[in-house]
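Enquirer: with the input below, show me the fold.
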Amino acid sequence: ALRADPRVVFADRRNSGAIHGQGVHIFLGKTGTLDISLMLRGGRYGEIEVKAPGKKPSSEQYQRIELIRSGGGIAGWAQSVEDAIAILSDP
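Expert: Below you'll find the model as predicted:
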């Protein structure tokens, strides 16, 4: 839905987490990384964290949301497509 929005230049899924197996532990991404990175026409950068209903971002994710907003970007967390689209309109 984000990629189809005419305001969006790109929207990419970012992977983070860990893979464990056979004595090997591989960590992907950085703690606090949000799920989606995007850019709006005009160059405004944004990130969105996607959560299942009833779940909330970690403290590190809240910190990242505030960091991006303080720098002039758009950021937030969504539990639905409608939530994610609404984040695009944040001032």
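Enquirer: spatially nearest residue to the residue most central in space within the chain (excluding sequence neighbours)?
Expert: Geometric centre of the chain, nearest residue: Ile48, 2.6 Å, by Cα atoms, centre = their mean. Nearest non-adjacent residue to Ile48, counting by Cβ to Cβ, 6 or more residues apart in numbering: Ile36, 4.4 Å away. (Each C-beta comes from the backbone N, C-alpha and C, glycine too.)
Enquirer: these two touch, right, Arg64 and Asp35?
Expert: No. Shown here, Arg64 and Asp35 do not form a contact pair, counting by Cβ atoms under 8 Å, at 11.1 Å.
Enquirer: what is in contact with the two at once?
Expert: When Cβ atoms under 8 Å, 6 or more residues apart in numbering defines a contact, the residues bordering Arg64 and Asp35 alike are Glu47.
Enquirer: one step back: and the residue nearest to Ile48, its phi and psi?
Expert: The phi/psi pair for Ile36 (degrees, to the nearest 10) reads phi -130, psi 130.
Enquirer: one more: Gly17?
Expert: When quoted as degrees, to the nearest 10, the phi and psi of Gly17 stand at phi 130, psi -150.
Enquirer: ranges for the helices of the protein?
Expert: Ranges of helices in the chain, per DSSP state H, are 59-70, 81-87.
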